[in-house]
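>>> Give me coordinates for this.
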Amino acid sequence: MAKTNEPTVIKKYANRRLYNTGTSTYVTLEDLAVMVKGEEDFVVFDAKSGDDITRSVLTQIIFEQEGKGQNLLPVTFLRQLIRFYGDSMQGVVPSFLEYSMTSLTREQEKMRSQMSETFGATAFEAIEDQVKRNTEMFERAMKMFMPFPAGESGSGATADSETAEKPSSDLDEMKQQLAAMQAKIDALGDKS
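Below is the predicted model:
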């Protein structure tokens, strides 16, 4: 099938079967994963209601991949992500993750070549540099949504010191998670 600018429409029926309207065939989540890896765009609609359920189907694909032992998302990252649901920062997280993944994808080849040319600390420095850039961008985004700079909340020294320590540990945790994700992405890239 020739590629078009329009995404392929996939319909999901009540019996949980997925139907590719572009090829007039039933497909599996694994087939959709192959389409994603091949950069073929698609949307998934519930056949009965017509609702766009693309996000939940993509999440199912990730769930299946994780279930097969292809662990890309660290447990600490998943827990932190769950904590953001319903939080005041929930609106910022999707943009940050999308920006981070776009940057990572854009820098992927450069990072792979740097790591293949070097060993040890130099390869780690390349990952660390990417993590630092992503973290700085996230910190700038977070500052836009914080009503008071650190230490100006007026709630006393004890509360200020507690809140000053927590973001730092969360930030360190996020840095570790991003570094672990990068290492796994690089490992996957080396396999292909």
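>>> only C-alpha atoms for contact and neighbour calcs from this point on.
OK.
>>> Look up which helix or strand the closest residue in space to Leu73 that isn't next to it in sequence falls in, please.
Closest residue to Leu73 apart from its sequence neighbours, by C-alpha to C-alpha, 6 or more residues apart in numbering: Met181 at 6.8 Å. Using DSSP states H and E, Met181 falls within helix 157-191.
>>> ok, and the residue sitting nearest the centre point of the chain, which helix or strand is that part of?
Of all residues in the chain, the one closest to the mean position by C-alpha atoms, centre = their mean is Leu97, 5.2 Å from it. Leu97 is part of helix 93-117 when elements are defined by DSSP H and E.
>>> next one: Val44
Using DSSP H and E, the element containing Val44 is strand 42-46.
>>> Contacts for that strand next, please.
Contacting residues not belonging to strand 42-46 are listed as Pro7, Thr8, Val9, Ile10, Lys11, Lys12, Tyr13, Asp51, Asp52, Ile53, Thr54, Val57 [C-alpha atoms under 8 Å, 6 or more residues apart in numbering].
>>> Give me the pLDDT for the residue nearest to Leu73.
On the pLDDT scale, Met181 is placed at 81.
>>> That one contacts Val75, doesn't it?
No - taking C-alpha atoms under 8 Å as the definition, Met181 is not a contact partner of Val75, at 11.2 Å.
>>> Of these two, which one has the most company?
Shown here are Met181 and Val75; by other C-alpha atoms under 10 Å, Met181 has more neighbours (17 against 11).
>>> State the distance from the more buried one to Ser56.
Between Met181 and Ser56 the distance, using C-alpha to C-alpha, to the nearest Å, works out to 22 Å.
>>> can you check Phe84 too?
Here the distance between Phe84 and Ser56 works out to 18 Å (C-alpha to C-alpha).
>>> Name the residue in these two with the higher neighbour count.
When neighbours are counted by other C-alpha under 10 Å, Phe84 and Ser56 differ, and Phe84 comes out ahead with 14 against 11.
>>> What ranges in the protein fall below the confidence cut-off?
Along the chain, the model assigns pLDDT under 70 to residues 1-4, 116, 118-126, 142-169, 189-192.
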